[in-house]
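Enquirer: Whatever this is, show me its structure:
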Amino acid sequence: AAAAGGLSLREELTVLGRQVEDAGRVLEGIGRSISYDLDGEESYGAYLRRESAQISDAYSSSDRSLSELEGKFRQGQEQGGREESRLGDSFLGLLLHARALLRETRHVSSGLRDKYDLLALTVRSHGARLSRLKNDYLRA
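Expert: Next comes the predicted model:
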């Protein structure tokens, strides 16, 4: 068979040895590639468990962050509502104070009008009396 192929037994063993070495290198490369793929884990199951744990941790962390953001958003809305309420209360207080001042001014004005009317009546009365006295004096 060696004579028919044109190779001697030594050459065939050399070729076969090279093929075995090449196959060994290929298997070693595959082993390294698998070890890189498994990221240092001994088995694919252990690798998947670790990846699953990392994904679970990342999900928990993002869920926690989302909950914190929702809490801060609610807190901001409540604070904005409190500020609006405080401004509304302050504005309402100013309106009530202005209304009270207007009532007091109207009351004082009403009192002054009454006093003015009374004074006008008194002046007319005194004027009438003076006019009568003057006429009485001039007739006498």
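Enquirer: what helix or strand is Thr14 on?
Expert: Per DSSP states H and E: Thr14 is located in helix 9-37.
Enquirer: Report the inter-axis angle for the helix or strand following that helix versus helix 9-37.
Expert: Toward the C-terminal end, the helix or strand that comes next after helix 9-37 (DSSP H and E) is helix 44-139. Comparing the axes of helix 44-139 and helix 9-37 via axes from the mean of the first three to the mean of the last three C-alpha atoms, to 10 degrees yields an angle of 30 degrees.
Enquirer: Show me what the mean pLDDT comes to for helix 44-139.
Expert: For helix 44-139, mean pLDDT rounds to 83.
Enquirer: from the middle of its chain, how far away would that helix be?
Expert: Here helix 44-139 is found 27 Å from its chain centre; the criterion is C-alpha atoms, centre = their mean, to the nearest Å.
Enquirer: which helices and strands sit right next to that helix?
Expert: Using 3 or more C-beta pairs under 8 Å, 6 or more residues apart in numbering; DSSP states H and E, no helix or strand is in contact with helix 44-139. (Glycine included, C-beta is placed from N, CA and C.)
Enquirer: Number the residues from 20 up from this point.
Expert: In the new numbering, first residue 20, that becomes helix 63-158.
Enquirer: Let's verify Leu26: helix, strand, or coil?
Expert: Of the three states, Leu26 takes coil under DSSP: H, G, I helix; E, B strand; the rest coil.
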